[in-house]
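Student: Give me a model of this one.
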Amino acid sequence: MGRHSQPDESDGPDYSGIFDAMDRADHTDHADHTGRIDHSAPDNTGSRPGASSRRRTVAISTALVLAVATGAVVVLRGGLPASAGSCRSNAVRLSVAASPDIAPALRTVADHARKAGIRSDGRCLDVKVASRPAYEVANALGDTGHSPGFQVWVPDSRVWVERAATSPVSAAPLDTLGGVASSPVTVAATSTAADRLGWPDKTYDWARLAEAGSGGDGPRLSTADPARSATGLLALARINGSIATAGAAGGKAAADTRAAANAKLLSRRAATTDAALLRSLPRREEAVVLSEQAAFAHNAKADKASRLGLFYPKDGTAELDYPYTVLNDRELTTVRARAATRFMTLLTDARGRAALRKDGFRTPDGKVSEDVARAAGGRTPQPYTATPSPGPSAREVEAALGMWTITVQSARLNTVVDASASMNDPVPGRPGQSRMDVTKASLRQALSRFTARDEIGLWEFSTELDGDRDYRELVAARQLGARTPDGTGQREALSAAFEALKPLPEGSTGLYDTTLAAYEHAQDTFVRGKFNAVVLLTDGANQDPDGISRSALVKELKGLVDPDRPVPLIAIAVGPDADQAACREIARATGGSAQRVNDPAQINTAMLKAIVAAGEAGAP
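Tutor: As a prediction, this is how the structure comes out:
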C-alpha cells in the first residue's frame, strides 16, 4: 500500500472540480435508473482480494492518486453550495467504520461537510462515522451472512485490511485509496519508569527495549494483545526482527527461541486492548507499547506526574498508517463510490489535515509535526524526527501473530517418549549419562515453562508394552494446576513419571502404531481455545514388522486431519540413529514439523522451535 505525500501549503488543493466534472461526464457508467451498478458489464480488471474489481473505482482512485500526488489544483467549479433544504431531501449518505483513535477527527470533518453543504455527484454529503475496533471489523468481514453496514473502513493499520482481504470468505473486495494519517509506534513510560530507563538521553533498539520485559532492574515492557492491537502486533514484529538482527551470530534457531521466550513474557502482562492498556497506566511502573497519537491524547488530559515520555527505537519505529478502504461490493453504487472518494479529499486537504493534527496525528507521509511529537512526549536525542522505516512485510506480521498465538495461548500436549533399549546408549560428551537420562532432564526443564492452565500428558512406547500394544499412557493430560485421581498435583505426577522412565532392555521401536494411536487420541480429546499437539520423541526407526507401514500411516494421518480441530505432530528425532526422514514425513502429514537434535539436552529448545514453526504455518 503506497503512501502519498501531502503539500504543506496552508491552502490545500481543491479537488471538487474533478468530481463535478465526473458528475457531468458520467453518462456512460454502467448504472440503472436506481443508481446501482450493472455488474453484467464487461470487467477486465481482475478480482483478486484487495485489488480493484470495478472499472469505475479504478478510474476514481486513479484520479485521486494523481491529484494528491502532484498537488494539482483543478479549477473546475460545479456551482453554488446547495441550500439546507435540498441537503435534507437529497443527500448522499455514506457510512464509515473507523478505528476509535481516529474516529473523532473524521467526525469533525464529516460535520463540517454536512454544515457547509459540500457536495458529491451534485448531492450534499452526509457522512456518519462509527467507532469500531479494527480487529472486530476484520473478523466481521469474513462473515458472508451479514451486511457489513458501512461503505468505508479506516482501520489504524493496513495489517487488518490484509487479513480481511486474504480471508477465503471475505465479504467484499477491499480497495485501499491511500492513507489519511499516520502515527509511529513507540514505547511510553511514566516519569518514574522513564527516569529508570534514562529518558530522554538514552536510546534503545527494539531488542534492548524488549529486554526490559525480562524482569530485571529496569521497568518491564507491556503491550496490548497483538491479536487485537496493531500497535502490539507491529511492535512484536519489530522486536522479532531486531532480535534476529542482534542474534545473527547465534543463528536463526537461537533468535527464534529468544523471540518466543520474549513473547511469552510479554503475554503475562498483555492488556486486552490499547484502551485497556491506557486505563492501566496510572497503576503501572512499566514501559508500554503505544502509538505517538495515543500518548498525545493521554498527555493532553494527564497531570505532570502521569505524563508520558516516549522512546523512539533507533532501529526504526513501526507505523500506524490509517488506510482509507472502500468496500467494493455489490451494494456500492456509483453515487456512493464517488461520495467515498470525495470524503477522502476532505480528509487530506488543509482543513482535514488540521483536524487530524489537532488530535495528534501525523500526515500520511510520516512527516513529524514538532508540536505534536513534543506534546506526546518526544524529546531529543530520541529520534522522533526520523521518518518511520518501511513496515514489516505481511509475511513477517503473520509470522509474529502466529508465534504469539501459539506460544501465548494455553497448550494441550500429549508427550510420547521412546522407551526402547537404544535410549540406554550413552551420550557423547556426557560421561555416565544415557539418552534417557538427558531426555528426562530436558523434559523436566520444559515442564517448568508451562503454566497451571496448560494441559500435559505422558505416554511411553516401545514394542508390546501393554499386551499387543506398543504404547501405554502413564499420566493422562490434565491442567498442570489440577489434581490427579489419587490427589497428587498434575505437575508433581508428571515430574515423578519423567523420573521413572526407563529403557526396556529388550524393547524395540514401535514408532508407527504408536504415532497413529497418539494422534487419534489427541483428536478425540481435542480442547478448543488451546494449542493442541502431539510431541513425539524417538531415537530410532520403526522396528515393528507386524505394525502399520509408513505409507499407510501417512495416508491415515492425512485422513484424520481436521482443519477445524488442528493437531500438529511435533516429532523430535534424538541422536544419529533416529529416522529423521520418517519423522519429517509423518509430521508434515498433520501440518506439523520435525526437528533433529544430536544431544537430548537440546529437546527443550527443539520443542520451542517447533511450536514457533507451527505458529508460522498456522497464523490466522
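Student: Now that we're looking at the residue of the chain positioned farthest from its centre, what pLDDT does it have?
Tutor: Here the chain reaches farthest from its C-alpha mean at residue 506, the gap being 49.5 Å by C-alpha atoms, centre = their mean. Here the pLDDT value assigned to residue 506 is 87.
Student: Likewise for residue 79?
Tutor: Looking at residue 79 specifically, the model assigns a pLDDT of 34.
Student: Over to the one 4 residues further on?
Tutor: According to the per-residue confidence, residue 83 scores 51 in pLDDT.
Student: circling back to that earlier point, roughly how far does the closest residue to the residue farthest from the centre of the chain other than its chain neighbours sit from residue 475?
Tutor: Residue nearest to residue 506 in three dimensions, not counting chain neighbours: residue 421, with 6.5 Å by C-beta to C-beta, 6 or more residues apart in numbering. C-beta coordinates here come from the backbone N, C-alpha and C atoms, glycine included. Separation of residue 421 from residue 475 (C-beta to C-beta, to the nearest Å): 23 Å.
Student: next structured bit after the stretch of helix or strand residue 161 belongs to?
Tutor: Element membership for residue 161 (DSSP states H and E) is helix 158-165. Downstream of helix 158-165, the next assigned helix or strand under DSSP H and E is strand 174-179.
Student: Export the helix or strand just after that next one to CSV, keeping only CA atoms.
Tutor: Note on strand 174-179: by DSSP H and E, the next helix or strand toward the C-terminus is strand 183-190. Output of strand 183-190 as CSV, limited to C-alpha atoms (Å, rounded to 0.1, in the frame of the first residue of the first chain):
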residue,chain,number,x,y,z
SER,A,183,1.5,7.7,13.8
PRO,A,184,4.7,6.0,14.8
VAL,A,185,4.6,3.1,17.3
THR,A,186,6.7,4.0,20.3
VAL,A,187,7.5,2.8,23.9
ALA,A,188,6.0,5.1,26.5
ALA,A,189,6.8,5.4,30.2
THR,A,190,5.6,7.5,33.1
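Student: so how far is residue 596 from the residue nearest to residue 506?
Tutor: For residue 421, the distance to residue 596 (C-beta to C-beta) stands at 21 Å.
Student: Could you list the low-pLDDT ranges of the stretch 151-300 of the chain?
Tutor: 166-172, 212-218, 247-253, 282-285 (pLDDT under 70).
Student: Spell out the residue ranges of the strands in it.
Tutor: Counting by DSSP state E, counting those that start in this stretch, the stretch 151-300 of the chain has strands at residues 152-154, 174-179, 183-190, 221-222, 287-291.
Student: Note down every partner strand of the third one and its orientation.
Tutor: Strand 183-190 has the following sheet partners, assigned by DSSP bridges: strand 287-291 (antiparallel), strand 308-311 (antiparallel), strand 318-320 (antiparallel).
Student: got the buried residues for it?
Tutor: When burial is assessed from 16 or more other C-beta atoms under 10 Å, strand 183-190 yields the following buried residues: 183, 184, 185, 186, 187, 188, 189, 190.
Student: need those residues in JSON lines with distance to residue 527, can you?
Tutor: Output for the buried residues of strand 183-190, formatted as JSON lines (distance: C-beta to C-beta, whole Å):
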{"residue": "183", "distance to residue 527": "39"}
{"residue": "184", "distance to residue 527": "40"}
{"residue": "185", "distance to residue 527": "34"}
{"residue": "186", "distance to residue 527": "38"}
{"residue": "187", "distance to residue 527": "36"}
{"residue": "188", "distance to residue 527": "37"}
{"residue": "189", "distance to residue 527": "38"}
{"residue": "190", "distance to residue 527": "40"}
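Student: rewinding a little: quick one: which of the strands of the stretch 151-300 of the chain is nearest residue 380?
Tutor: Set against residue 380 and scored by C-beta to C-beta, the strands of the stretch 151-300 of the chain come closest in strand 183-190, at 14.5 Å.
Student: Am I right that residue 291 is in contact with residue 183?
Tutor: Yes - with contact defined as C-beta atoms under 8 Å, residue 291 counts as touching residue 183 (4.4 Å).
Student: where exactly do the helices run in the stretch 501-620 of the chain?
Tutor: 511-524, 550-560, 580-588, 603-617 (DSSP state H, counting those that start in this stretch).
Student: okay, stretch 300-308 in CSV with CA atoms only?
Tutor: Taking Å, rounded to 0.1, in the frame of the first residue of the first chain, the C-alpha atoms of stretch 300-308 are listed here in CSV:
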residue,chain,number,x,y,z
ALA,A,300,-3.5,16.2,26.9
LYS,A,301,-5.5,15.1,30.0
ALA,A,302,-2.7,14.0,32.4
ASP,A,303,-1.2,15.8,35.3
LYS,A,304,2.5,16.4,35.5
ALA,A,305,3.2,13.2,37.4
SER,A,306,1.4,10.9,35.0
ARG,A,307,2.6,12.5,31.8
LEU,A,308,4.5,10.1,29.4
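Student: where do the contact lists of residue 291 and residue 183 overlap?
Tutor: Residues touching both residue 291 and residue 183 by C-beta atoms under 8 Å, 6 or more residues apart in numbering: residue 320.
Student: Mind putting the strands paired with strand 183-190 into JSON lines with mean neighbour count?
Tutor: As requested, the strands paired with strand 183-190 are exported to JSON lines (neighbours: other C-beta atoms under 10 Å):
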{"stretch": "strand 287-291", "mean neighbour count": "30"}
{"stretch": "strand 308-311", "mean neighbour count": "26"}
{"stretch": "strand 318-320", "mean neighbour count": "29"}
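Student: Residue 581: which of the ones you listed is closest?
Tutor: strand 318-320 (40.7 Å).
Student: tell me the mean pLDDT over that closest one?
Tutor: Per-residue scores along strand 318-320 average to 93.
Student: Quick one: distance of the following helix or strand past that strand to the chain centre.
Tutor: As assigned by DSSP H and E, the chain's next helix or strand after strand 318-320 is strand 323-327. Using C-alpha atoms, centre = their mean, to the nearest Å, the distance from the centre of strand 323-327 to the centre of the chain it belongs to is 20 Å.
Student: got the angle between strand 323-327 and helix 158-165?
Tutor: Here strand 323-327 points in a direction 20 degrees away from that of helix 158-165 (axes from the mean of the first three to the mean of the last three C-alpha atoms, to 10 degrees).
Student: Tell me what angle strand 323-327 forms with strand 174-179.
Tutor: 150 degrees.
Student: Counting by contacts, list what strand 323-327 packs against.
Tutor: Counting contacts by 3 or more C-beta pairs under 8 Å, 6 or more residues apart in numbering; DSSP states H and E, strand 323-327 is packed against strand 152-154, helix 158-165, strand 174-179, helix 334-348.
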